[in-house]
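Trainee: Sequence below, structure please.
(chains A and B, ligands or ions: 2)
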Amino acid sequence: MLKIKNLHASVGDRQILRGVDLEVPTGEVHAIMGPNGSGKSTLSYVLAGRDGYDITEGEILFDGEEILDKPAEERAALGIFLAFQYPLEIPGVATMTFLKAALNAQRKARGEAELTTPDFMRRVKGAAEKLNVTQEMLRRPLNVGFSGGEKKRNEILQMALLEPKLAILDETDSGLDIDALRVVSDGVNALRSPKRSMLVITHYQRLLDHIVPDVVHVMSAGRIVRSGGPELALELEAKGYADYVGAAA
Amino acid sequence: MNAEPRILRTQAEDTFAAEYQAARARLPGGPGMAAARDAAFAAFQAAGLPHRRVETWRYTDLRALVRAVPPLAGEAPSDGAEFADPLPGLDRARLVIVDGVYRPELSDLSGLDGVAVQPMAALMEADDPRIGTAFARIDDPMVSLNAALMSGGVAIDVPAGVAIARAIEIAHVTTSAVGAYVRNAVRVGEGASVRIIESHVGRAGSAYQANIVTEASVADRAKVVWAKLQAEGDAALHIGSLAVTIGREANFDHLVLMTGAAIARAQSFVTFAGEQARAGLFGATMIGGKQHADILLSVDHAVPNGSSRERFKAVMDGRADGIFQGRIIVRPGAQKTDARMMTQGLLLSEEATFAAKPELEIFADDVQCAHGATSGEVDEDLLFYLISRGIPKAEAETLLVTAFLAEAIEGLGDEAIGEAFEKVAVDWLARRGNSANGTV
Ligand SMILES: Nc1ncnc2c1ncn2[C@@H]1O[C@H](COP(=O)(O)OP(=O)(O)O)[C@@H](O)[C@H]1O
Ligand SMILES: [Mg+2]
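Mentor: Residues are numbered from 1 along each chain as shown, chains lettered A, B, ... in the order given. Ligands and ions are numbered 1, 2, ... in the order given. From the prediction side, this is the model:
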């Protein structure tokens, strides 16, 4: 599903990604772990199509198609979803309005009919209940006044509604207490499917107790430096990133 | 203000003088009114057109901007029916003023039982002593010019205790390239409640000059919602002035939406005259091309225990200039005043500008006052968040700009009027989206 080859990205003079190679086959869940500043969020932004990065080398194939020249909204419509490490607050845009605009924009881009309001409401309601997202939250402006946990639940709600082929979760566990972590993980696990791939970015192993990955990669200084099974996460938890932080210098 | 007589006059000022001399005898009013007009014109002549060195006009130099002076409005060439309803779908009574003259036969007063509506020209003929009192302490050359040249308008009296559910629109239409000088009065009696809409439209491409002065009083415990829509023709000069006095425990919510005219100035002078009164003052400007829109707000907390909220938003595209000058005055003894003024500019193009000058003048010690101003472009992070969910860039930008303006429009606290005004904002953004792949 996703194939990244020798990806180099920089901002201004600053080189952040220095040759990322990564392959996530359809239906698999891969984790990326690594020290702070190793380039995990940058990789997620570059995948989602954010402006402001110079891609100096490499390619990103999604379902065999090069996507680097596609704007973010097209990538979204193709089925790439990024759950943000820091979801943004948007005063004045009701969460419900936003969800509807997003869902219908993607449907339109794919040549599908817009959802009727009752149909849309039914879908939101179903997904929201599973994630403990209340009706009151949905009426509020997007993420405004939401707690850290509420914001993360709202990200997963968007993922559930948009049904992406590839979900990239950037530190979805950060700022969550153990109960919230369980709700979010259950939400993510419910969306695991043989047709959907996931790239789970995390600094800590504890999320991977709940969302058990097929493969774990270690990122350091803008590269994937090691890959292995779930046991690699346990090793990192025990030993820390000391070995890899050195490589970043 | 600059009151010393000037010898040098601009050509425009000379034309105003000639127009006044020619029209003087036929302008409505008794002997009292005629004397007041002469005094007002003398005041205008002494000050001249406002210019950069007049503090309240520093961003709108009319001496430089007003080159030509159109003839004073005479008999209107049309009844204005050709202009589309600027607020479709909003139920309201309508008092129609065409080229400066109130036209009862074009108006719809249903639902206004108990409200007295009179042509202002009739009050002028009767030398009504109330005319001009709201501006007695406000020294402004364009208000003086209006006081000299005003031809008519409406006077609305809502008696004490009367609650009018149906909104009342004062609809101003300018049909051709004339100078239209309108004077309105709105008096809301004790405990009464009313919703006023003030709209301004006119012929596109026509370089008319509309100068509208409105005197309003909100008596004790009265409740007034007032929304102004400035959607003048694209070549127009709009100068709108409002002076309002708010009584004890009264509520006054006011919104100015500015989107039309080549050069627009909306000035509001709000005076707290009774304790425990509350005012919400809001502005939403959306301009593009070479438009220039200037808002001046003066809030005078003259008595203790008043509270006011000021929130002004402006969106500038193209090479437009948006301006907000706001001043909150807390008079000596006006303790426990609570006032917060915020203004925000959103620049949609690199050539657009926004100037904000919020000021506090506080002469009491036990008060809570704050002001703030920001200016910037659409937040790239917010934009990316929306786009990453599949929302195309133009639509994402529209969502953010609408949300930005909605905070001011919704402040008015009137759902029906707010909805109609938000639609004006959405339509503006849609037109912008259509005309622009890039901006002019
Ligand atoms: N827009 C940017 N401009 C400059 N430096 C950046 C930018 N974004 C990220 N960086 C830098 O790149 C490095 C990687 O950042 P990031 O991708 O956020 O790492 P991670 O998510 O692994 O903690 C950090 O040193 C960070 O300071
Ligand atoms: Mg990160």
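Trainee: Okay, strands next: where are they in chain A?
Mentor: A:2-11, A:14-24, A:29-33, A:54-62, A:65-66, A:80-83, A:90-94, A:141-142, A:166-170, A:197-202, A:215-220, A:223-228 (DSSP state E).
Trainee: Please tabulate the ones you listed in TSV and include mean pLDDT, distance to chain B and mean neighbour count as additional columns.
Mentor: C-betas here are computed from N, CA, C, even on glycine. What follows is the strands of chain A, written out as TSV (pLDDT from 0 to 100; distance: least, CB to the nearest CB, whole Å; neighbours: other CB atoms under 10 Å in any protein chain shown):
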stretch	mean pLDDT	distance to chain B	mean neighbour count
strand A:2-11	98	13	18
strand A:14-24	98	17	18
strand A:29-33	97	18	24
strand A:54-62	97	15	16
strand A:65-66	96	17	10
strand A:80-83	98	6	27
strand A:90-94	90	3	19
strand A:141-142	95	8	24
strand A:166-170	97	10	25
strand A:197-202	97	15	25
strand A:215-220	96	21	23
strand A:223-228	96	23	18
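Trainee: Which of those sits closest to residue B:403?
Mentor: Ranking these by their distance to residue B:403 (criterion: CB to CB) puts strand A:90-94 first, at 2.7 Å.
Trainee: Identify the residues contacting the closest one?
Mentor: A:98, A:138-144, B:382, B:385-386, B:399-400, B:402-404, B:406-407 (CB atoms under 8 Å, 6 or more residues apart in numbering or on different chains).
Trainee: From those, keep the buried residues only.
Mentor: Buried by 16 or more other CB atoms under 10 Å in any protein chain shown: A:98, A:138, A:140-143, B:382, B:385-386, B:399-400, B:402-404, B:406-407, out of the contacts of strand A:90-94.
Trainee: Around chain B, which positions in chain A sit nearby?
Mentor: Contact residues, chain A versus chain B (CB under 8 Å from any CB of the partner chain): A:48-52, A:71-73, A:76-77, A:81-82, A:84, A:87-88, A:90-93, A:97-98, A:101-102, A:105-106, A:109, A:141, A:158, A:162.
Trainee: which among the residues you listed end up buried?
Mentor: Looks like the residues of chain A next to chain B have A:48-50, A:72-73, A:76-77, A:81-82, A:84, A:87-88, A:90-93, A:97-98, A:101-102, A:105-106, A:109, A:141, A:158, A:162 buried, using 16+ other CB under 10 Å.
Trainee: For chain A, what lies in contact range of ligand 2?
Mentor: Counting by CB under 5 Å from the ion, chain A comes close to ligand 2 at A:40, A:41, A:85.
Trainee: what about the last one, how many neighbours?
Mentor: By the criterion of other CB atoms under 10 Å in any protein chain shown, residue A:85 has 19 neighbours.
Trainee: how much space is there between it and residue A:149?
Mentor: From residue A:85 over to residue A:149 the distance is 14 Å, taken as CB to CB, to the nearest Å.
Trainee: just the second one next, same as before
Mentor: When CB to CB is the yardstick, residue A:41 and residue A:149 sit 20 Å from each other.
Trainee: OK, contacts around residue B:407?
Mentor: Residue B:407 neighbours (CB under 8 Å, 6+ apart): A:91, A:92, B:311, B:313.
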